[in-house]
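**Q** sequence and predicted structure below; questions after.
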Amino acid sequence: QIQLVQSGPELKKPGESVKISCKASGYTFTNYGMYWVKQAPGQGLQYMGWINTETGKPTYADDFKGRFVFFLETSASTAYLQINNLKNEDMATYFCARAYRYVMDAWGQGASVTVSS
Amino acid sequence: IQLTQSPSLLSASVGDRVTLSCKGSQNINNYLAWYQQKLGEAPKLLIFNTNILQTGIPPRFSGSGSGTDYTLTISSLQPDDVATYFCYQYNNGWTFGGGTKLELK
């Protein structure tokens, strides 16, 4: 069955970096885009951007340009989100989701990032 | 495109017909989906392209709308439907609505 399994919770200090993984199985990885969505504690969903799994080209939403990096390890059917220079406002749960024609139809379980000095 | 969902909180009884609204700041051209998120879980796709039910979703869920105004309807509310519901547009960029939290009365 289709699965997206994300890495575990992270506790980081402001200014550090964090890398979240999203391992896909049960489908052909390069047939679907991989999207990233942020959910701050008690808040709604925020689209961060997506990466074309065929070409590796990332596209970032305006609020996520600069410190956020999407990349792939295609041979391992894995997508990554790296956040550099962490800030307090980055504290959230981050979801990966595969998408076909822009519709996210399968989601990872979420990876929580806590930022605290 | 900004999406405004209403109401933000809805209380209803088991068996009620429930209607959730999502209004766009511009024409969405039917490129609208609905997600259900239960507490502590990932969102689940219910409906896409306004009214196409995702595989495995019960037929008590339905979607409708056009232009800027869209609706998710639950024909007979079940206890398992307690969740927050988000609309999502993919016509011009990608945007989520703020969500409607559905609880049992």
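**A** Perfect, thanks for sending it.
**Q** of all residues in chain B, which one is nearest the centre?
**A** residue B:34 (4.1 Å; Cα atoms, centre = their mean).
**Q** just confirm it contacts residue B:84, I think it does.
**A** No: using Cβ atoms under 8 Å, residue B:34 is not in contact with residue B:84, being 11.3 Å away. No exception for glycine: its C-beta is placed from N, CA and C like everyone else's.
**Q** just to revisit the earlier point, how is the residue nearest to the centre of chain B assigned, secondary-structure-wise?
**A** Put simply, residue B:34 is strand when judged by DSSP: H, G, I helix; E, B strand; the rest coil.
**Q** list the residues that contact residue B:59.
**A** Shown in contact with residue B:59 (Cβ atoms under 8 Å, 6 or more residues apart in numbering or on different chains): residue B:53.
**Q** then residue A:58?
**A** By Cβ under 8 Å, 6+ apart, residue A:58 lies in contact with A:49, A:50, A:51, A:52, A:69, A:70, A:71.
**Q** how about residues contacting stretch A:5-17?
**A** Against stretch A:5-17 from outside (Cβ under 8 Å, 6+ apart): A:18-23, A:25, A:82-88, A:94-96, A:108-117.
**Q** tell me which of those fall in strands.
**A** Applying DSSP state E to the contacts of stretch A:5-17, the entries found in strands are A:18-23, A:25, A:82-83, A:94-96, A:111-115.
**Q** hey, where'd the strands end up in chain B?
**A** With DSSP E as the criterion, chain B has strands spanning B:3-6, B:9-12, B:18-24, B:32-37, B:44-48, B:52-53, B:61-66, B:69-74, B:83-89, B:95-96, B:100-104.
**Q** list the buried residues of stretch A:78-97.
**A** Using 16 or more other Cβ atoms under 10 Å in any protein chain shown as the test for burial, stretch A:78-97 gives A:78-81, A:83, A:86, A:90, A:92-97.
**Q** which of those are close to chain B?
**A** Residues of those in contact with chain B (Cβ under 8 Å from any Cβ of the partner chain): A:95, A:97.
**Q** of all the buried residues of stretch A:78-97, which comes closest to chain B?
**A** Using Cβ to the nearest Cβ, residue A:95 comes nearest to chain B of those, at 5.8 Å.
**Q** okay, and the beta partners of that closest one?
**A** Here residue A:95 sits in beta bridges with residue A:37, going by DSSP bridges.
**Q** show me the contacts for it.
**A** Going by Cβ under 8 Å, 6+ apart, residue A:95 touches A:6, A:36, A:37, A:38, A:39, A:45, A:107, A:108, A:110, A:111, B:42, B:43.
**Q** okay, now the fifth one: neighbour count?
**A** Other residues near residue A:39 come to 19 when the count uses other Cβ atoms under 10 Å in any protein chain shown.
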